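Novice: Fold the following and give me the result.
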Amino acid sequence: MNNISSRTLAVSSHETGKIISFFSGVAKISGLPHVFLHEVLLDPDGNPAAIVIGFDKQFVEALFFDETVDLQKPLSRSKRVFSIPISESVVGRVFDGLGTPRDFLGDIVGKRIPVFRSAPQIIDRQPVIRPLTTGVKIIDSVLSLGRGQRELIIGDRKLGKSTLALDTVLNQKHEALPVYCVYVLCGQKEQQLKEIAGLFEKNNAFLYTVIVAATAESSYASQYVAPFVGCAIGEYFRDAGKDALVVYDDLSKHANAYRSIALLLGRPPGRESYPGDIFSLHAALLERAGQLSKKQGGGSLTALPIVETQEGDITSFISTNIISITDGQIYVERGLFQKGFLPAVNVGLSVSRVGSQSQPSALRSVVGGIRLALSQHKELQKLTQLETTVSEQAKTKIHRGELMLELLKQEKHTNISWPEQVVLFYAVEEGFFDTMEKEQWSNFEDKLRALMRNRYAEVLQHIARDTFDKTVTNNIQQIVEDAKNEFIATQP
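Specialist: Presented below is the predicted three-dimensional model:
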């Protein structure tokens, strides 16, 4: 049974509305002078029919949940904001954009929670200092995330933006402290929903993950509400003192749906035809992420919004809006993708404004020079292209930079724990692999990681306790030597 229609709300006999205009579920209604924003409107049978998204002196602007509407029937007020039932049982479920289960596993029984809520006040927050590891080397090392952060993933289509978010979700099953994940699909194809659900099923991610899907075929009401439904589910876990992660895939399609709604309502178009309040709409959504203080339970809500650009233009209206709201951006570049550098993250144009504050100290101690090493490598490569004679020291730096670039490459859905990353980055930075050809690195890394997990699991556990002492560095040297000997023995 539909969650929205499963409960009959009290009908007010004092105010009734009449539909003046209606197209694709977007309507103008007269006769409801005291209605408030995001209030649910009822049909004559007392069932929820629409949600209010705006009003003026003459009309109420509303989105209908079902586009097959009898335009002659009156509407009445419910005097209640749009809400959905949420409980622990939402984990492992798939919902539509209105919070209704679409996996045929029954209704959710729980307290009804308003979907549109205010962000926590500053006094109820505390700094973001706890790490949220992604299992993606280039992010954990250079663009590290914290629990409670808002980090934008931006770039052209088909360059791996969703893959980065999905890998972050998959990596949470390795976390000592569980992170409940909510993956919101807005305006995407139905096929993408099936692929993501299959991926979560294969990797047992539904043990801690919820999907909210308003696909391109869904109503405007579903696409408009979906990100807020996902946020409300994440807030349920945050308010219980737990950690939650919400992925919005993607907010550019959400903005496109809202632009269509605004144009159908006859609102004056602004820059790129978007309504001016799209900024406040997304700001209200993303401001709800954060780290709560211990007095408020100490829970966190991390947000990873995704935005699609056209031809790499990050100066467009929606891109600049969300960049200004978030705590940094991960920029995925087409040029790197075409060169086979995956994930195609441009380190120069990407930034995390939380960064090393939330990074495990052991990892922070071995990755501090990565940006500098990559910059030096780029400059030294220019000298070699000019056929300038370079010193042996410069050649060593060039080779080590090439190894570092190979190290930062990673196949999708191959999460690497941060203790393993500590071993890899420390070994390369200290020059333990200076004699190895970069073409050999990929195969060697696989063997090295397998050796760490099977024979040196205690070393990884020691690093996981965030200790990096002389004993650890000696153990890393031993791991490297064993891996080299075994790798050489297997070479033809």
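
Novice: In this model Gly135 seems to touch Pro343, though I could be wrong.
Specialist: No - at 11.4 Å, Pro343 does not count as touching Gly135 under the criterion of Cβ atoms under 8 Å. (Glycine included, C-beta is placed from N, CA and C.)

Novice: Could you list the low-pLDDT ranges of the chain?
Specialist: For the chain, the stretches flagged by pLDDT under 70 are 1-14, 377, 381-390, 489, 491-492.

Novice: got the contact list for the residue nearest the centre of it?
Specialist: Compute the mean C-alpha point of the chain, and by Cα atoms, centre = their mean the closest residue is Leu304, 2.6 Å away. Shown in contact with Leu304 (Cβ atoms under 8 Å, 6 or more residues apart in numbering): Arg150, Glu151, Leu152, Ile153, Ala165, Thr168, Leu245, Val246, Val247, Tyr248.

Novice: out of these, who's nearest Val35?
Specialist: Tyr248 (28.0 Å; Cβ to Cβ).

Novice: so is the closest one in a helix, a strand, or just coil?
Specialist: The assignment at Tyr248 comes out as strand when based on DSSP: H, G, I helix; E, B strand; the rest coil.

Novice: From Phe487, how far off is it?
Specialist: For Tyr248, the distance to Phe487 (Cβ to Cβ, to the nearest Å) stands at 42 Å.

Novice: before we move on, what about Thr414?
Specialist: Separation of Thr414 from Phe487 (Cβ to Cβ): 19 Å.

Novice: ok, for the residue nearest to the centre of the chain, nearest residue in space, not its chain neighbours?
Specialist: Excluding its sequence neighbours, the residue lying closest to Leu304 (Cβ to Cβ, 6 or more residues apart in numbering) is Val247, at 4.7 Å.

Novice: Kindly report the same for Ser87.
Specialist: Spatially, and ignoring its direct neighbours in sequence, Ser87 is nearest to Gly110 (2.9 Å; Cβ to Cβ, 6+ apart).

Novice: how many neighbours does that neighbour have?
Specialist: Using other Cβ atoms under 10 Å, the number of residues around Gly110 comes to 14.

Novice: Which phi and psi values does it adopt?
Specialist: Gly110 adopts backbone torsions of phi -180, psi 180, taken as degrees, to the nearest 10.

Novice: Tell me how far the nearest residue to Val347 once chain neighbours are set aside lies from Lys484.
Specialist: Among residues not flanking Val347 along the chain, Val142 sits closest, at 5.6 Å (Cβ to Cβ, 6+ apart). From Val142 across to Lys484, the span is 27 Å (Cβ to Cβ).

Novice: of these two, who's got more company?
Specialist: Val142 (21 against 17).

Novice: was I right about that one contacting Ala373?
Specialist: No - Val142 is not in contact with Ala373 according to Cβ under 8 Å; the separation is 10.9 Å.

Novice: So which residues of the stretch 101-250 of the chain form helices?
Specialist: All helices of the stretch 101-250 of the chain, identified by DSSP state H, counting those that start in this stretch, fall at 137-142, 161-171, 190-202, 220-239.

Novice: export the ones you listed to TSV and tack on distance to Phe317?
Specialist: Output for the helices of the stretch 101-250 of the chain, formatted as TSV (distance: least, Cβ to Cβ, whole Å):
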stretch	distance to Phe317
helix 137-142	27
helix 161-171	19
helix 190-202	25
helix 220-239	18
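
Novice: Return the most buried member of those.
Specialist: helix 220-239 (a mean of 26; mean count of other Cβ atoms under 10 Å).

Novice: okay, that one in PDB with CA atoms only?
Specialist: Only the C-alpha atoms of helix 220-239 are listed here, as PDB (Å, rounded to 0.1, in the frame of the first residue of the first chain):
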ATOM      1  CA  TYR A 220       7.800  15.800 -11.100                       C
ATOM      2  CA  ALA A 221       6.600  15.500  -7.500                       C
ATOM      3  CA  SER A 222       8.800  12.400  -7.100                       C
ATOM      4  CA  GLN A 223      11.800  14.000  -8.600                       C
ATOM      5  CA  TYR A 224      11.400  17.200  -6.600                       C
ATOM      6  CA  VAL A 225      11.000  15.400  -3.300                       C
ATOM      7  CA  ALA A 226      13.500  12.500  -3.700                       C
ATOM      8  CA  PRO A 227      16.700  14.200  -2.400                       C
ATOM      9  CA  PHE A 228      14.800  15.500   0.700                       C
ATOM     10  CA  VAL A 229      13.400  12.000   1.400                       C
ATOM     11  CA  GLY A 230      17.000  10.600   1.200                       C
ATOM     12  CA  CYS A 231      18.200  13.300   3.500                       C
ATOM     13  CA  ALA A 232      15.400  12.700   6.000                       C
ATOM     14  CA  ILE A 233      16.400   8.900   6.100                       C
ATOM     15  CA  GLY A 234      20.000   9.900   6.700                       C
ATOM     16  CA  GLU A 235      19.000  12.300   9.400                       C
ATOM     17  CA  TYR A 236      17.100   9.500  11.200                       C
ATOM     18  CA  PHE A 237      20.400   7.600  11.700                       C
ATOM     19  CA  ARG A 238      22.300  10.900  12.500                       C
ATOM     20  CA  ASP A 239      19.800  11.900  15.200                       C
END
